[in-house]
Every structure is written in structure tokens, then in C-alpha cells.
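**Q** A structural model of the following input is requested.
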Amino acid sequence: MNPSNTRAPRRLPSSLLPVLFAVSSTLVFGHPGHGPVDGFGHGFDHPLSGWDHALAMIAVGIWAAQLGARWLIPGAFVAMMSLGAVCGHMTGAVPGLDQGIAASVLILGLLIARTVRLPIGYAVALVGLFALFHGVAHGAEMPASAGGLAFGMGFVAATVLLHAGGVALGVIAAGRSARLPQLAGWAIAAAGVAIATI
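**A** A predicted model of the protein is given here:
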């Protein structure tokens, strides 16, 4: 084999390292509530503390990359999630919340896997609907001892980080093979089914 034809192994982009660190360091706990509660830290942990939230937010980023709306769709998710969090804090958990969150993971996975290209307005509306479920969950589960604004800033920061990771993964995967985002979508959809049956 000609040494000049051998390619060096590709490295993970350094821009993804903070995302992977944040996800790996918090997912192992399963749920927030470990140690003393502080508003921002507890809020930051919340989206990262369960596969349902984390996968949905990463999926939003991947789908946004597929649609070429890398800022608009994640931005709509963050805005509607914030509104849902305010409602959830006032009302508490509502019936069907867990099912809605699981459905968001499943449907987003299928949209990615099937490379569904909805008009941007419809995509924003759909993602906004899913974001309401996630936001209500965040607001309803906010500890009484956590400051609302700091808690909200924490889960918004974590959500933005997960969206950015999803967009980066979508762009990198599509650059290597059109099938890679589709495979990721099927994996996310399968996880959605598993979450729904737990």
C-alpha cells in the first residue's frame, strides 16, 4: 500500500468536546437533585439528566441542520419551552406530559430518519408544540428552593448547548454520508419507543 494514499483517522471536532463533557457528566445521575440545590446549576442539570429531554433537544438540532434552519428551529424550541416552563411552574405537572415528551423523541427521530422536509413554518410550529411539553416538565419539577430566573437560565443554557451539539452532529454526519443522519434518526426514534414503554 502506498503510504501517501493512507488517510489519518478523523478526530472529533474540538467544538463538540464541551457538549460531550456536559452530557456525560450529568446523564450518569439519572435525575437532578444530587447535592445542594442552586438555581442555575439545578436548572442546567435538568435537560441533561434524562435521555428524554437530551435526545429531543439533540434531535431538534439535527433536524434543523437537515432543513437548513440552524437557528430558527432551535430558537423556536427555546422560546416555547420557556413559555411552557412558566405555565408548568404555575400549574404543576399535567396529564399526558410524559407521553408528550416520549412522542416528541419518537416523532423527531422519524422526521430525521425519513429526511422529512416540512415547510419551515410547519416545522417551527411542530417543534414549538414539543417544546411546550418539555418546558412544562421543567417548570413543574423546579424545586421550591431554586430561584425561578436562575433555574430558567440554567435549563435554557443547557438546551442551547444540546441544540448546538445536535446541529454540529447533523452537519458533520451529513458531510460524511447522507445515511448517517438517517441512522441517527432511527436510533432516536427507537429510544422514543423505549422511553414511552418505561
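**Q** hmm, who's touching stretch 178-196?
**A** Stretch 178-196 is touched from outside by 51-52, 55, 58-59, 62, 65-66, 99, 101-115, 169-170, 173-174, with contacts defined as C-beta atoms under 8 Å, 6 or more residues apart in numbering. C-beta here means a position set from N, CA and C on the backbone, and glycine is covered the same way.
**Q** any idea how far Thr197 is from the residue positioned nearest the centre of the chain?
**A** Centroid-nearest residue in the chain: Met57, 1.2 Å away (criterion: C-alpha atoms, centre = their mean). For Met57, the distance to Thr197 equals 21 Å [C-beta to C-beta, to the nearest Å].
**Q** same question, Val105
**A** 12 Å.
**Q** between these two, which one's more packed in?
**A** Neighbour count, other C-beta atoms under 10 Å: between Val105 and Thr197, Val105 has more, with 28 against 7.
**Q** how deep is the residue nearest to the more buried one when sequence neighbours are not counted tucked in, by neighbour count?
**A** Leaving aside its chain neighbours, Val105 sits nearest to Gly192 (3.5 Å; criterion: C-beta to C-beta, 6 or more residues apart in numbering). Per other C-beta under 10 Å, the neighbour tally for Gly192 reads 25.
**Q** go on, the one 3 residues further on?
**A** Using other C-beta under 10 Å, Ile195 is surrounded by 21 other residues.
**Q** residue contacts, the nearest residue to it once chain neighbours are set aside?
**A** Excluding its sequence neighbours, the residue lying closest to Ile195 (C-beta to C-beta, 6+ apart) is Ala102, at 4.4 Å. Ala102 makes contacts with Asp52, Gly192, Ile195, Ala196, as judged by C-beta under 8 Å, 6+ apart.
**Q** what's the single longest helix in this protein?
**A** The longest helix of the chain (DSSP state H) is helix 148-176.
**Q** just the buried residues of the next helix or strand after that helix, please?
**A** Remark: after helix 148-176, the chain's next helix or strand is helix 179-197, criterion DSSP states H and E. Using 16 or more other C-beta atoms under 10 Å as the test for burial, helix 179-197 gives Pro181, Gln182, Ala184, Gly185, Ile188, Ala189, Ala191, Gly192, Ile195.
**Q** right, I'll call it a day here.
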